[in-house]
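Participant: with the input below, show me the fold.
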Amino acid sequence: MKVVSKIEKFKGKKGYRKIVFSDSSTLEIDRELLSYFCINEDTQLDESEFKKIKELTSRKLAKDRVLEFLRRKSRSESE
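Facilitator: Numbers count the residues shown, from 1 in each chain. Below is the predicted model:
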């Protein structure tokens, strides 16, 4: 069981928050997912919830990186 001890703004990634757990581990999470899962300080997450949140967060982060890559300049099909 993971217990959220602190939620802070994440510098450098707009729209992301940093969750600090009671065991000192951290997780970067999108604000939308944070509100979707109703995560606040002192929220308890079991292992299955934590894995699901971590997986969705990594997918969202990858999607955001790809979109940022595509926004920078026009790309060919091979790129």
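Participant: now K60: closest residue in space, sequence neighbours ignored.
Facilitator: D30 (5.0 Å; CB to CB, 6 or more residues apart in numbering). For glycine as for every other residue, the C-beta is placed from the backbone atoms N, C-alpha and C.
Participant: let me know the helix or strand that the most centrally placed residue in the chain is in.
Facilitator: The centroid of the chain falls nearest to I29 when counting by CA atoms, centre = their mean (1.9 Å). Under the criterion of DSSP states H and E, I29 resides in strand 26-30.
Participant: need the contact partners of that strand.
Facilitator: By CB atoms under 8 Å, 6 or more residues apart in numbering, the list of residues contacting strand 26-30 from outside reads 10, 13, 15-21, 39, 53-54, 57, 60-61.
Participant: let's see that with 10 Å instead.
Facilitator: Under the contact criterion CB atoms under 10 Å, 6 or more residues apart in numbering, strand 26-30 has outside partners 2, 4, 6-8, 10, 12-13, 15-21, 36-37, 39, 45, 50, 53-54, 56-61, 63-64.
Participant: which ones among those residues lie within helices?
Facilitator: Cross-referencing the contacts of strand 26-30 against helices under DSSP state H gives Y36, F50, I53, K54, L56, T57, S58, R59, K60, L61, K63, D64.
Participant: report the contact partners of the residue lying closest to V20 once chain neighbours are set aside.
Facilitator: Leaving aside its sequence neighbours, V20 sits nearest to K6 (CB to CB, 6+ apart; 4.2 Å). Neighbouring residues of K6 by CB under 10 Å, 6+ apart: K18, I19, V20, F21, S22, T26, E41, D42.
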